[in-house]
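**Q** any chance you can model this:
(chains A and B)
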2 protein chains.
Amino acid sequence: MNSKFIIAVDAMGGENSPKKIIDGIINFSKNKNDIFFKIFGNKKIIEKNLSSSLKKESFQIIHTEDFVKDEDSALMGAKNKKTSMWLAVESVKNKESDIIISAGNTGALFVIAKLNLEMIEKIEKPALSGLWPNKNGMNVVLDLGANIECSEKNLIDFSIMGTSLFKALFPNEEPKVALLNIGSEASKGNEIIKNTYNKLSSSSKNINFKGYVEGNNIMSGDVNVIVTDGFTGNIALKTAEGTSNFITTELKKILTSNFMGKLSTFINMQNFKLFRDKLDPRKYNGAILIGLKSPVVKSHGSTDSIGFSNSLSVCEKILKGKLIEKIKENID
Amino acid sequence: MNSKFIIAVDAMGGENSPKKIIDGIINFSKNKNDIFFKIFGNKKIIEKNLSSSLKKESFQIIHTEDFVKDEDSALMGAKNKKTSMWLAVESVKNKESDIIISAGNTGALFVIAKLNLEMIEKIEKPALSGLWPNKNGMNVVLDLGANIECSEKNLIDFSIMGTSLFKALFPNEEPKVALLNIGSEASKGNEIIKNTYNKLSSSSKNINFKGYVEGNNIMSGDVNVIVTDGFTGNIALKTAEGTSNFITTELKKILTSNFMGKLSTFINMQNFKLFRDKLDPRKYNGAILIGLKSPVVKSHGSTDSIGFSNSLSVCEKILKGKLIEKIKENID
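**A** Residues are numbered from 1 along each chain as shown, chains lettered A, B, ... in the order given. Below you'll find the model as predicted:
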């Protein structure tokens, strides 16, 4: 058991849990022999959802009756030290697990993580990073909302952490870092961004810095590690989500508004499915809080078992890609 | 002539000018008898593009050889006081025109406008506002990039100016103001946003304040006057543009990737055209710099004559809707 990577899973958070969590584990763990799951939550309910396809030697249930409610405030959710979320984080703290994943209350998860896990030396603030599709593949974008205000040092740390995460997730691709800004010229933006630009441009660090990227080029694929403060990153991410929803809803409404439309959409169903698949948010499921000595993966609360399974795949890549070691090597 | 509204048109800015400018004027002025155009630019080239459908009594050409180049820096573009842009702004300053429109160099236009036109009393900063579609119609969003950093007073001014602009453009709809933020609870956001929220919530001003809006709800249609600082607004706008481009490009690629796809897309062409029309950026063309004693309308440099014509329609609505008077009434 000890030569396996151990994922601590909070089974009780998010919609339709623990069913989707267990289904996600079952789906993910097909043909995996090197991952062990410590599953935290109500043993009785979890066992009801288990199937024989999950091998007995690949998991362990740690029973607790308590769990953090989705509607709890972050601090309220972090008060009870017997919740499945707290115990899962604690098992990483005690080095009994290698990484923690939850689909539960985001605020509580981050507070519990920060209370239990130390920061990586010389990193001042953890950042919430996520995956965002681009024309050629995938971006890592950070910070998506952990820090409303960021200093130059924070943004430089994010560049290093984002580069390390990108390398762990996509080992065959070259990370290209850019600062999200309102123009592409060096003179654009606020003082913090300009100073960060200057420091990154002259840095000898292991950062492949490409300058600024504007909002309309996040998905162009020219860069793939996009660094920003948590306020701006959160606005950008949610605006993209809203735009995507708006367009696909309008498209569906208009394309099927009459008989010919319905007919041709039916004929083209296979391609529409490909299109839907390309934009499927379950593919990008899993935000990663990095900066702590163990990464914390937050699956979207409303995702399903496929989405949760994809987040488990992010956990696996982070562990096998030695994310934390990569960050430590590059920070100074 | 003097009972007409007078629009000062810089004919020399943007791609394919002055042709698209003149075509835009011709297209817009069909059946309009109460608008007069002062057209600034190279008389010879402008006259070449004129057609008899533009009535002689509805325009005047003010000749100048000089014009601001698109690639000039803002300050460089504002140095020459004989450019078509400068002269057009000056004609508003001298009360010979009521509003100025240009498809030229944005930075230069704003510098020239600020040099020539006074601010409305008690407004500290002008804001760049734009139109942004939502599920039920259209949003006014400001600031889209004129001010990187904004105080509470600025954001409150923007709320008043945005409300006034919305009323001028959509007189039959109710303006609903919201602050763009990273959460919907009162406790979310930075200090400036929280203080602005508190002041707007308890304000007796003529602002229909609805609280915060997150990026994913900009297009939901629940609110329609969206207030933010110029950095955040610019990032949000461009991220939406980039997302929209990404999705429509992917859609086109996938839906026509095989014979059945091409066939069904052909069958459904009418509906695809409706969809394209719904998202047509020419409909939202025209950013408006408000806060000066005369509004300044900036048409997108790359738009065509239809887009420019739509910007002229924005000018008309601003004048007939008495935008500046509305702002003055509501500011304190």
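**Q** any idea how far chain B is from A:Thr83?
**A** Relative to chain B, A:Thr83 is positioned 22 Å away (criterion: Cβ to the nearest Cβ, to the nearest Å). Quick note: C-beta positions are derived from backbone N, CA and C, even for glycine.
**Q** how many residues are close by that residue?
**A** By the criterion of other Cβ atoms under 10 Å in any protein chain shown, A:Thr83 has 28 neighbours.
**Q** and it, what does it touch?
**A** A:Met12, A:Thr64, A:Asp66, A:Phe67, A:Val68, A:Gly77 (Cβ atoms under 8 Å, 6 or more residues apart in numbering or on different chains).
**Q** surely the first one is within a strand?
**A** So the one you mean is A:Met12. No - under DSSP: H, G, I helix; E, B strand; the rest coil, A:Met12 sits outside any strand and is assigned coil.
**Q** wait, doesn't it sit right on A:Pro18?
**A** Yes - using Cβ atoms under 8 Å, A:Met12 is in contact with A:Pro18, at 6.0 Å.
**Q** shared neighbours of those two, anything?
**A** With Cβ under 8 Å, 6+ apart as the test, A:Met12 and A:Pro18 both reach A:Gly41, A:Asn42.
**Q** phi, psi of the residue nearest the centre of chain A?
**A** What sits nearest the mean C-alpha location of chain A, by Cα atoms, centre = their mean, is A:Ala287, with 1.7 Å. Backbone torsions for A:Ala287, taken as degrees, to the nearest 10, come to phi -90, psi 150.
**Q** that one pairs with what?
**A** A:Lys298 (DSSP bridges).
**Q** ok, now how distant is it from chain B?
**A** Distance, A:Ala287 to chain B, by Cβ to the nearest Cβ: 14 Å.
**Q** list the contacts of that residue.
**A** With contact set as Cβ under 8 Å, 6+ apart, A:Ala287 has these partners: A:Leu128, A:Ser129, A:Gly130, A:Leu144, A:Val297, A:Lys298, A:His300.
**Q** and for A:Thr256?
**A** A:Lys262, A:Thr265, B:Asn271.
**Q** any stretches of the stretch 101-250 of chain A with poor pLDDT?
**A** In the predicted model, the stretch 101-250 of chain A carries no residue with pLDDT under 70.
**Q** around chain B, pick out the residues from it.
**A** By Cβ under 8 Å from any Cβ of the partner chain, the residues of the stretch 101-250 of chain A that approach chain B are A:133-135, A:145, A:148-149, A:180, A:182, A:189-190, A:214-220, A:230-232, A:234-250.
**Q** got phi/psi on the closest residue to chain B within the stretch 1-150 of chain A?
**A** In the stretch 1-150 of chain A, the residue that lies nearest chain B is A:Ile148 (5.3 Å; Cβ to the nearest Cβ). Dihedral pair for A:Ile148: phi -70, psi -40, per degrees, to the nearest 10.
**Q** ok, for A:Lys239, nearest residue in space, not its chain neighbours?
**A** Let me fix one detail, which is that residue A:239 is Thr and not Lys. B:Gly215 (3.6 Å; Cβ to Cβ, 6 or more residues apart in numbering or on different chains).
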